[in-house]
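Asks: This is a predicted model, with the sequence first.
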Amino acid sequence: MERISKVLFTFILLSMVLNKVSSQNVVPFVNDFKNVIGNKQFLNTFYQKMSLVKDSNSQVNILHIGDSHLQADFLTEQVRKLFNSASARGLVVPYKVAKTNSSYMYITKTYSNWHGKRFTKTENPLPIGIGGITIQTTDDSARIILTTKDEKGFNCLKIFHQNDESAFDFSVFDNNGNALLPQAYSQNKKDYESVFYSNDLIYSVTIQNKKNNNTQWQSLIFGMYVSNGKSGVVYNSMGVNGAEFRHYNEAQYFAEQSQALLPDLIIISLGTNEAANSKFEENTFYNQIDKMVNDLQNYNPNATILLTTPADNYRRKRKVNTVIKRVSATIVKYCMAHNMPYWDLYLISGGYKSARFWKKHRLFAKDFLHYSRKGYEVQGTLLFEALMKNRQ
C-alpha cells in the first residue's frame, strides 16, 4: 500500500514528543523489536483510512473493548492522547451512575434513583448494550449530568437506550440551561438512538426524563456518545470489571449497537479473567473468541478486528499465573488460523514470569493483577507504538 501521509506521520511523531512517554525509558526489560503487530498485513485497510485523516471531514473510528484493564481508562486514555486528535472522545459509559469505577476524563452523576446492571452479574436481569452495563429508572423526573474534562468539547450527544413505547422521552440541556435540539428522523438513525445537537461546543449536559403519555414508565440506558464533527481519530473504549468473551457473547444488543460507532478498527483485549480459572479449557475459549469475532463482523463487515493477549500477572498476589500463557497462545493461534492481526502483549511485556519485572518497577497495583496508572500508560504507549510502526 502507499505510504501513510507525511502530515499524519508528522503529527504522530509530534504527539509522542509532547506526551514525553517512552516505553523503553520506563521499562527497559521490554524488547522494542518484539513490539509489533502480528499479521500486520491485515491492517492495510485500516492504514489506508488513516492516511485520509488529514482531510477536513475525515475521521478514523476505533473501538477498544475489554475488561477491568480498560474500565478505568488509563491505558486507553494514553493511546487517545498519543493520537492527539481534535475529535471528541466518542463512547461514554455511565459507570458512576451504575455505582462502579469510571474513567477520570468524564463524570456521570445523578441525584435520582437508578438501578445499574453489568453483564458479569447474573442477578437483576436487564438487556445489555454497547456499554456492557445498563442503567434503569422508573422515575419520570430523573436526571443524569455528564461532564467531560478534556478541552475538545462536543456539540452532539447520542443516547443509546431502549426506545419503545415504555421509554420516557428525553430533554437535554447544556450547563447554561439551553436546550439541545433533537434530531429529526434520518435514514442513518438507529431505533435505539436519540440524538441531540448544540449550536456551540459544550462540555456538560443534563439529560432529563420526560413523560408524555401513559405508556411510558422507564428509562433504560446502555451508553452515550459525544462528538464534535472534527477530523481525526475517535478512540472509543469500554471495559467491564470481570468481563470475559462469553459475557460479550451473551449481551443481547452489544454487537448490534457497536455498528453505530462506525468502527474502522475493533481491538479486543480480553483473557485475563478466563486465565483466573485453573480449569481453563482451550477449545471452549477458542469457540468463545470465534463467536464474538463473528458477531462483530456480522454488524461491522468493513471493520478490521485486532486481538490482544493479556500480560503476565500473579494469582493471589504471589503465585505465577501459569494459565495466562495458555490463554495468550490460544488467542495467537486463533488469529493465525483466521488471518487476523494481533498484538501479543504477553510476549512483548516479557512473557512467563515477567510479572516480577513489572512488580520491581512499581508498575503493578497492590493486587498484582491490575497495573498502576503508570503501568497502564506504559502499555498504552506500547500499543500506540506498535500500531504506528511499519505501517506500509
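Replies: Yep, it's here. Residues are numbered from 1 along each chain as shown.
Asks: What distance do you get for I324 to Y346?
Replies: From I324 across to Y346, the span is 6 Å (C-beta to C-beta, to the nearest Å). From N, CA and C alone the C-beta is placed, and that goes for glycine too.
Asks: Return every residue with contacts to both of these two.
Replies: Here I324 and Y346 have 310-312 as joint contacts, going by C-beta atoms under 8 Å, 6 or more residues apart in numbering.
Asks: Looking at those residues, which one is closest to K34?
Replies: Among those, A311 lies closest to K34 (C-beta to C-beta), at 12.8 Å.
Asks: Just the pLDDT at that closest one, thanks.
Replies: Here the pLDDT value assigned to A311 is 91.
Asks: Let me know the pLDDT of T122.
Replies: pLDDT, read off for T122, is 78.
Asks: Would you map out the domains in this protein?
Replies: 6-87+231-388, 106-227 (automatic domain parsing).
Asks: out of the ones you listed, deepest packed?
Replies: Of all those, domain 6-87+231-388 has the most neighbours on average by mean count of other C-beta atoms under 10 Å, namely a mean of 19.
Asks: Quick one: distance of it to the chain centre.
Replies: Chain-centre distance of domain 6-87+231-388: 9 Å, with C-alpha atoms, centre = their mean, to the nearest Å.
Asks: circling back to that earlier point, now the shared contacts of I324 and Y346 as a markdown table including secondary structure?
Replies: Shown next, in a markdown table, are those (DSSP: H, G, I helix; E, B strand; the rest coil):
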| residue | secondary structure |
| --- | --- |
| P310 | coil |
| A311 | coil |
| D312 | coil |
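Asks: Go through those and name the one nearest Q257.
Replies: P310 (25.3 Å).
Asks: Check which helix or strand K359 maps to.
Replies: Following DSSP states H and E, one finds K359 within helix 355-360.
Asks: Using PDB, write out every CA atom in that helix.
Replies: What follows is helix 355-360 as a C-alpha-only set of coordinates in PDB (Å, rounded to 0.1, in the frame of the first residue of the first chain):
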ATOM      1  CA  ALA A 355       5.400 -10.000  36.200                       C
ATOM      2  CA  ARG A 356       8.300  -9.800  38.600                       C
ATOM      3  CA  PHE A 357       9.900  -7.100  36.500                       C
ATOM      4  CA  TRP A 358       6.700  -5.100  36.400                       C
ATOM      5  CA  LYS A 359       6.400  -5.500  40.100                       C
ATOM      6  CA  LYS A 360      10.000  -4.400  40.600                       C
END
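Asks: With respect to the domains of the chain, which exhibits the lowest mean confidence?
Replies: Comparing mean pLDDT across these, the weakest is domain 6-87+231-388, with a mean of 88.
Asks: ranges for the helices of the protein?
Replies: Counting by DSSP state H, one finds helices in the chain at the ranges 6-19, 23-26, 44-50, 68-71, 74-83, 245-250, 254-258, 282-299, 323-337, 345-348, 355-360, 373-388.
Asks: Please tell me how far the residue nearest to D73 when sequence neighbours are not counted sits from N236.
Replies: Once flanking residues are discounted, D73 sits nearest to S103: 3.5 Å by C-beta to C-beta, 6 or more residues apart in numbering. Counting by C-beta to C-beta, the separation of S103 from N236 is 12 Å.
Asks: just C156 next, same as before
Replies: Taking C-beta to C-beta as the measure, C156 falls 14 Å from N236.
Asks: For K211, which non-adjacent residue is spatially closest?
Replies: What sits nearest to K211 in space, not counting adjacent residues and going by C-beta to C-beta, 6+ apart, is D140, at 4.0 Å.
Asks: my bad, D344
Replies: Excluding the flanking residues, the one nearest D344 by C-beta to C-beta, 6+ apart is T309, at 5.1 Å.
Asks: need the contact list for the closest residue to Y225 other than its chain neighbours.
Replies: Once flanking residues are discounted, Y225 sits nearest to K158: 4.0 Å by C-beta to C-beta, 6+ apart. Contacts for K158 were tallied using C-beta under 8 Å, 6+ apart; they are 193-196, 224-227, 260.
Asks: now do A72
Replies: Counting by C-beta under 8 Å, 6+ apart, A72 has contacts 101-104, 239, 376.
Asks: want to throw those into CSV with distance to N39?
Replies: Compiled in CSV, the contacts of A72 are given as follows (distance: C-beta to C-beta, whole Å):
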residue, distance to N39
N101, 34
S102, 34
S103, 30
Y104, 34
G239, 24
Y376, 25
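Asks: Among these, which one lies nearest to I202?
Replies: Nearest member of these to I202, counting by C-beta to C-beta, is S103, at 18.5 Å.
Asks: middle-most residue in the protein, spatially?
Replies: Among the residues of the chain, the one closest to the centroid is S237, at 1.6 Å (C-alpha atoms, centre = their mean).
Asks: now that residue: how far from M105?
Replies: Distance of S237 to M105, computed by C-beta to C-beta: 10 Å.
Asks: shared neighbours, the two?
Replies: Going by C-beta under 8 Å, 6+ apart, residues that sit against S237 and also against M105 are D73.
Asks: how close does the residue nearest to F254 when sequence neighbours are not counted get to T76?
Replies: Closest residue in space to F254, ignoring its immediate chain neighbours: Y248 at 5.6 Å, by C-beta to C-beta, 6+ apart. According to C-beta to C-beta, Y248 stands 17 Å off from T76.
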